[in-house]
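Chemist: After the sequence you'll find the predicted model.
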Amino acid sequence: MDSVDRAIVNALQQGFPVSERPFRDAGALLGLGEEDLIARIGKLLDDGVLTRFGPLYQAERLGGAYALAAMRVPQADFDRVAEAVNAHPEVAHNYERDHEFNMWFVLATETHDGIARAAAQIERTTGLSVYLMPKREEFFVGLNLAATA
Amino acid sequence: MNAPAMPFAADALDRAIVVATQGGLPLVARPYHAIGEQIGVSGEAVMARLKRMLETGAIRRIGAVPNHYALGYSANGMSVWDVADEHVGRLGRVIGELPFVTHCYERLRHPPQWPYNLFAMVHARTRGEVEDKVGHIAAILGDAARAHAVLYSTRILKKTGLRLTKLE
């Protein structure tokens, strides 16, 4: 990742234009040509520097639902359980954390009922309890990480 | 709150756009036109719907999501706090305004296994840096926090974002 890539990562976390030629417009602000910007974003995705490039949807506003969920997974079973949990399409992302509650994932479903259904399915396929921790109030969401040398 | 709370009812076209873009935008010169071609509408119609979804908060933003590990933010501490229900609303807003807190929520607790109801995510380059910031939160919460823990992420097991699987 060079200084141009870092500038791209920083700028494109703020937003991306909705226009006929958005890569040309975003590139102009970065001093990059359209094709160069497209190629660099593709490489940043391929290299795993970016995990996504596109619209970030808020499921609740689309009639869907989101909930954070956690599990206490025995260490010896961890990889098997991770595979079983990840196989559910409702699991949007999943992190390992160093705590007795060591598996943390987000369920995203089409309907509110879908959350409880997905959690019950995961409990059946893993034999472990799923602790649903839906948000009751959102105080701030502004994840924006600076890429620096 | 960055997203305005406006009513929004996604129709079949919105949902087709969501399904077509949930894996990401096509990396071509006219990505919105490419999406339109895929679902049988004009690029202008796609752009109009995306703009409306941005305005209503159905889309938080369009852009890049970095892998925080790849950017060197390898210490990702989820600080969790057991705060009395009557104080959590006021204190959550204070904690959410701290510049180093990237997400802040009140969540459902599961006592006795999980007594924590206030979640404040702290991203930093080292655990020492995270601990300093958690100490700052502890000082603000004072006696209102009965217990807390910091959970560090050690591995990303899956990261795909929202997946809609069917159209209405």
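Modeler: Yep, that arrived. Numbering: from 1, shown residues only, chains lettered A, B, ... in the order given.
Chemist: rest of the way, CA atoms for contacts and neighbours
Modeler: Will do.
Chemist: Show me what the residue most central in space within chain B is bridged to.
Modeler: Centroid-nearest residue in chain B, with C-alpha atoms, centre = their mean: B:His103, separated by 6.7 Å. In this entry, B:His103 is beta-bridged to A:Val141, B:Met121, by DSSP bridges.
Chemist: any idea where the helices of chain B begin and end?
Modeler: Using DSSP state H, the helices of chain B run over residues B:12-21, B:31-39, B:43-56, B:85-96, B:127-141.
Chemist: Packing partners of the longest one?
Modeler: For helix B:127-141, the helices and strands in contact under the criterion 3 or more C-alpha pairs under 8 Å, 6 or more residues apart in numbering or on different chains; DSSP states H and E are strand B:75-83, helix B:85-96, strand B:118-124.
Chemist: likewise the shortest one?
Modeler: Using 3+ C-alpha pairs under 8 Å, 6+ apart as the contact criterion, the elements in contact with helix B:31-39 are helix B:12-21, helix B:43-56.
Chemist: buried ones in stretch B:56-64?
Modeler: Within stretch B:56-64, the residues scored as buried using 16 or more other C-alpha atoms under 10 Å in any protein chain shown are B:Thr56, B:Gly57, B:Ala58, B:Ile59, B:Arg60, B:Arg61, B:Ile62, B:Gly63, B:Ala64.
Chemist: Using CSV, lay out those residues together with pLDDT.
Modeler: As requested, the buried residues of stretch B:56-64 are exported to CSV (pLDDT from 0 to 100):
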residue, pLDDT
B:Thr56, 89
B:Gly57, 86
B:Ala58, 88
B:Ile59, 91
B:Arg60, 87
B:Arg61, 91
B:Ile62, 95
B:Gly63, 94
B:Ala64, 93
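Chemist: List the ones among the residues you listed that fall in strands.
Modeler: Of the buried residues of stretch B:56-64, the ones assigned to strands by DSSP state E are B:Ile59, B:Arg60, B:Arg61, B:Ile62, B:Gly63, B:Ala64.
Chemist: Kindly provide the distance from the fourth one to chain A.
Modeler: If you measure B:Ile62 against chain A using C-alpha to the nearest C-alpha, to the nearest Å, the figure is 4 Å.
Chemist: Can you give me the neighbour number for residue 52?
Modeler: I'll assume chain A. 23 (other C-alpha atoms under 10 Å in any protein chain shown).
Chemist: Not quite, go with chain B.
Modeler: 15.
Chemist: Please apply the same query to B:Gly142.
Modeler: When neighbours are counted by other C-alpha under 10 Å, B:Gly142 comes out with 9.
Chemist: ok, now the one 3 residues further on?
Modeler: Here the neighbour count serves as a burial measure; for B:Ala145 (other C-alpha under 10 Å) it reads 21.
Chemist: Pretty sure A:Ala69 sits against A:Phe101.
Modeler: No. Applying C-alpha atoms under 8 Å, one finds A:Ala69 not in contact with A:Phe101, separated by 9.9 Å.
Chemist: what number of residues lie near the closest residue to B:Thr126 other than its chain neighbours?
Modeler: Excluding its sequence neighbours, the residue lying closest to B:Thr126 (C-alpha to C-alpha, 6 or more residues apart in numbering or on different chains) is B:Ala75, at 5.1 Å. Each residue near B:Ala75 was counted by other C-alpha under 10 Å, and the total is 21.
Chemist: Which residues are in contact with B:Ala75?
Modeler: B:His123, B:Ala124, B:Arg125, B:Thr126, B:Arg127, B:Val130, B:Tyr152, B:Ser153 (C-alpha atoms under 8 Å, 6 or more residues apart in numbering or on different chains).
Chemist: Distance check, it against A:Gly114.
Modeler: When C-alpha to C-alpha, to the nearest Å is applied, the distance between B:Ala75 and A:Gly114 equals 32 Å.
Chemist: Alright, that wraps it up for me.
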